[in-house]
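This is a predicted model, with the sequence first.
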Amino acid sequence: MTMIPARVSPSVVAIPATMRALYKHHAGPELKLDPVRVTPTPGPRDVLIKVSKVGLCGTDRHIWEWDAWAASRIPVGITTGHEFVGHIVKLGSAVSKYSVGQRVSAEGHISPGTGFSARTGAAHIADGMVILGVDRDGCFADYVCVPEENVWPVHPSIPDHVAAVLDPLGNAVHTVMEAGVSAQTVLVTGVGIIGLMAVTVAKAAGASRIFVTDVDPRRLALARKLGAVEAYNARDASGSAGWIEHLRAQTHSGVDVLIEMSGNPGAISDGFSALRPGGTAALLGIPSKPFAFDLTNHVIFKGAKVLGINGRKMFQTWYQMEALLLSGRLELEDIITHQLPLDQFAKGFGLMQSGEGIKVVLDVNA
Ligand code: ZN
C-alpha cells in the first residue's frame, strides 16, 4: 500500500455556505443531487468532515429503490449515505480529541451512549440507535457532521477507496471474529459484498478451509480467488443435498463455523444442515420477513451455538479491522469493482442492480 499524508492543510479551512448532497427528494424511487444544500454546522461535540470518497451500500440501494423497509423508515428530505472517508475541516466547541486536517472515517451507528447497553460494552445494540444517512443526514455530500465519539482516524497506509468501505468491512470482521475461525473449517452462505469480505477476513484470521455458496457464478469464482477451497452453486441441478453431502464428506460431518450472509431462508436452512454438531453459526444476513425454520434439528439437537451479529462493536471491531488491514493479508481490490464521480450515482446504483458491480465507491472530489 502507498503512504498517504494523514493531513491536509493544518490551518483553518474555508467552508462554503452551500454544498452538493444526494438526498431523498420524494416518497418514491431514486435520489436527487441538490447542488445548493445548506452546509451543516457542527454542534459542540460534532466534527465537520469534507468528504473524499463514499461507498454505495445495500442499505442505500433499498433507499434508492424505495422498498417497503425504506418507505417505513426513511424521512423524505434526508441526505443519504453512511460509508465514507474525508478530512476534518471544523471542530465543535467542546471537541478535544481531533484536529482540523485529520483524515477520518466514522462509525455510522450513533449510540445514545448513556443507557445499559452502551455502559456495558454493547453500544452497537443499544436501543435508540441513530444511523447516519437513515435517521439523520448522511455522507453522500461534500460535507458531513458526526459526533466526536464516532470519528475513526484512518491509518496513513490505508488508501481512500478502502477507507471509504470500513463500515461493511467492519460487518464482516465483527461476524468472523465473533464466530472465531482460527484453525476452523468455515462455510460462508451468500458471497455478496460482505460475504466476499468475510472470505478474505476469515482467511486472514486463520481459517483452515473456507467453503462458500451463492447463486452467482462470477461471485463464486471471486470467492475462490480470495481463498475459498470449494464454491458451491446453490442452484446446481443436484440441489442442496448434493453440495451438503460433498462438504460433509470433506469435514467432520460439517463445518465448524457457519457465517450466514444471505438472509435467504433456503440458504440459512442449508447452512445449518452443513454445520457440524456443536458448531457455531454467526448470522448477519437479514431475512425480509419471518420464515419457518427447523429449530429442533438445526439448533437444539445439534447443540449449535447461534450468534446474532449487528453492526460493529464500538470500537473493538474497528481496532481488529485496522490490525487485519495493516497485516496486509486482506484482499479487497477485486471486491471494490468500480469508482465513479459522485454525479454518476445513478450509474453506480445501476451497476449494483445488474450485479455487474460488487462494491461501488463514489469519488466526491472528482
Ligand atoms: Zn453500509
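Looks like it came in fine.

how about residue 45, phi and psi?
Residue 45 has phi and psi values of phi -110, psi 10 when expressed as degrees, to the nearest 10.

ok, it touching residue 150?
No: between residue 45 and residue 150 there is no contact under C-beta atoms under 8 Å: 10.1 Å. (Each C-beta comes from the backbone N, C-alpha and C, glycine too.)

Those two: which has the busier surroundings?
Neighbour count, other C-beta atoms under 10 Å: between residue 45 and residue 150, residue 150 has more, with 19 against 15.

unless I'm mixing things up, the more buried one is touching residue 110, no?
Yes: here residue 150 reaches residue 110: they are 5.9 Å apart, a contact under C-beta under 8 Å.

What residues does this structure have near the ion?
Proximity of the chain to the ion is confined to 57, 83, 167, 168 under the rule C-beta under 5 Å from the ion.

in the chain, which spans are helices?
Assigned by DSSP state H, the helices in the chain fall at 58-65, 68-73, 116-119, 160-163, 166-179, 193-204, 217-226, 239-249, 265-273, 295, 316-326, 345-354.

With mean pLDDT as extra columns, can I get these in JSON lines?
Formatted as JSON lines, the helices of the chain follow (pLDDT from 0 to 100):
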{"stretch": "helix 58-65", "mean pLDDT": "96"}
{"stretch": "helix 68-73", "mean pLDDT": "94"}
{"stretch": "helix 116-119", "mean pLDDT": "90"}
{"stretch": "helix 160-163", "mean pLDDT": "98"}
{"stretch": "helix 166-179", "mean pLDDT": "98"}
{"stretch": "helix 193-204", "mean pLDDT": "98"}
{"stretch": "helix 217-226", "mean pLDDT": "97"}
{"stretch": "helix 239-249", "mean pLDDT": "90"}
{"stretch": "helix 265-273", "mean pLDDT": "97"}
{"stretch": "helix 295", "mean pLDDT": "98"}
{"stretch": "helix 316-326", "mean pLDDT": "98"}
{"stretch": "helix 345-354", "mean pLDDT": "97"}
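
Throw the ones you listed into TSV and include mean neighbour count, thanks.
Output for these, formatted as TSV (neighbours: other C-beta atoms under 10 Å):
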stretch	mean neighbour count
helix 58-65	20
helix 68-73	13
helix 116-119	14
helix 160-163	21
helix 166-179	26
helix 193-204	27
helix 217-226	18
helix 239-249	15
helix 265-273	21
helix 295	12
helix 316-326	18
helix 345-354	17
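
For residue 52, find the nearest of the ones you listed.
Comparison of these against residue 52 by C-beta to C-beta identifies helix 160-163 as nearest, at 5.4 Å.

Now that closest one - C-alpha only, CSV.
C-alpha atoms of helix 160-163 as CSV (Å, rounded to 0.1, in the frame of the first residue of the first chain):
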residue,chain,number,x,y,z
ASP,A,160,-9.1,6.3,0.4
HIS,A,161,-11.1,3.7,-1.6
VAL,A,162,-10.6,1.1,1.2
ALA,A,163,-11.1,3.7,4.0
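
Show the pLDDT at residue 113.
pLDDT recorded at residue 113 is 80.

In contact with whatever residue of the chain ends up closest to the ion, which residues?
At 3.0 Å from the ion, residue 57 is the closest residue in the chain, using C-beta to the ion. By C-beta atoms under 8 Å, 6 or more residues apart in numbering, the contact set of residue 57 is 82, 83, 167, 168.

ditto for residue 298
Applying C-beta under 8 Å, 6+ apart to residue 298 gives the contacts 269, 272, 273, 275, 304.

same thing but 7 Å
Neighbouring residues of residue 298 by C-beta atoms under 7 Å, 6 or more residues apart in numbering: 269, 272, 304.

Is it possible to get a markdown table of the helices of the chain that adds distance to residue 37?
Converted to a markdown table, the helices of the chain look like this (distance: least, C-beta to C-beta, whole Å):
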| stretch | distance to residue 37 |
| --- | --- |
| helix 58-65 | 17 |
| helix 68-73 | 20 |
| helix 116-119 | 31 |
| helix 160-163 | 23 |
| helix 166-179 | 22 |
| helix 193-204 | 28 |
| helix 217-226 | 36 |
| helix 239-249 | 48 |
| helix 265-273 | 40 |
| helix 295 | 48 |
| helix 316-326 | 29 |
| helix 345-354 | 14 |
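
Between those, which one is closest to residue 287.
Among the helices of the chain, the nearest to residue 287 by C-beta to C-beta is helix 265-273 (6.0 Å).

Much appreciated, bye for now.
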